[in-house]
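# okay, here's the prediction I keep looking at, along with the sequence it came from:
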Amino acid sequence: MRVSFDLDEVLFVSPLTHKTEKPLHFPFNHIYKERLRLGTPELINELQRLGYEVWVYTSSFRTERYIRGLFSHYKVHFDGIINAQRHLKEVQRDNKMILPQKLPSRYRISLHIDDESVVCTMGPQYGFKTYQLDAQDDDWKDKIIQRAEHIKNLPR
């Protein structure tokens, strides 16, 4: 089963509003300015240990190389990355109808974690489950694992 995470306001958060991982050491803290939500590396590695594929699905134009590079400093490896460029090329293509900015079901993603309610409310219409995460929550890792396990055990 595949689980995907949005980046901005989900995995990348402000230290003014959320607990964060320690910043990277010089010079990497000048290359990668984003701060990770506290527990991000632990959660992603635990999901993978439990047998889930973990992806990033972001509407930002950060490159796959940049995303992989940043997370490698935290010993995190993603199974797949969809950024805005890939989404436009593979999902929107030359479609006349404007599709949602994220369409996890196109990539066989079963659970998508996002902060935007509009993305989360489109899940049932487009065939994917969601978990909305935005505010600081000390139990966020456990809640996401529980949601993933619940979805994995649903009858097909």
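Done, it's in. Numbers count the residues shown, from 1 in each chain.

# now the strands for this structure?
In the chain, strands defined by DSSP state E lie at 2-5, 53-57, 80-82, 109-114, 129-132, listed in chain order.

# in JSON lines: the ones you listed, plus distance to residue 68, mean pLDDT and mean neighbour count.
For glycine as for every other residue, the C-beta is placed from the backbone atoms N, C-alpha and C. Output for the strands of the chain, formatted as JSON lines (distance: least, CB to CB, whole Å; pLDDT from 0 to 100; neighbours: other CB atoms under 10 Å):
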{"stretch": "strand 2-5", "distance to residue 68": "14", "mean pLDDT": "98", "mean neighbour count": "25"}
{"stretch": "strand 53-57", "distance to residue 68": "9", "mean pLDDT": "98", "mean neighbour count": "22"}
{"stretch": "strand 80-82", "distance to residue 68": "7", "mean pLDDT": "97", "mean neighbour count": "19"}
{"stretch": "strand 109-114", "distance to residue 68": "18", "mean pLDDT": "96", "mean neighbour count": "24"}
{"stretch": "strand 129-132", "distance to residue 68": "23", "mean pLDDT": "96", "mean neighbour count": "19"}
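
# can you add distance to residue 99 and give those strands back as JSON lines?
Formatted as JSON lines, these follow (distance: least, CB to CB, whole Å):
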{"stretch": "strand 2-5", "distance to residue 99": "16"}
{"stretch": "strand 53-57", "distance to residue 99": "13"}
{"stretch": "strand 80-82", "distance to residue 99": "13"}
{"stretch": "strand 109-114", "distance to residue 99": "15"}
{"stretch": "strand 129-132", "distance to residue 99": "16"}
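
# nearest to residue 156, out of those strands?
In terms of CB to CB, the element of the strands of the chain nearest to residue 156 is strand 109-114, at 10.9 Å.

# got a list of contacts for that closest one?
Counting by CB atoms under 8 Å, 6 or more residues apart in numbering, strand 109-114 makes contact with 1-6, 10, 55, 57, 102, 104, 119-120, 123, 128-133, 144, 147-148, 151-152, all of which sit outside it.

# residue most distant from the centroid, this structure?
Distance from the C-alpha centroid of the chain peaks at residue 96, with 27.3 Å (CA atoms, centre = their mean).
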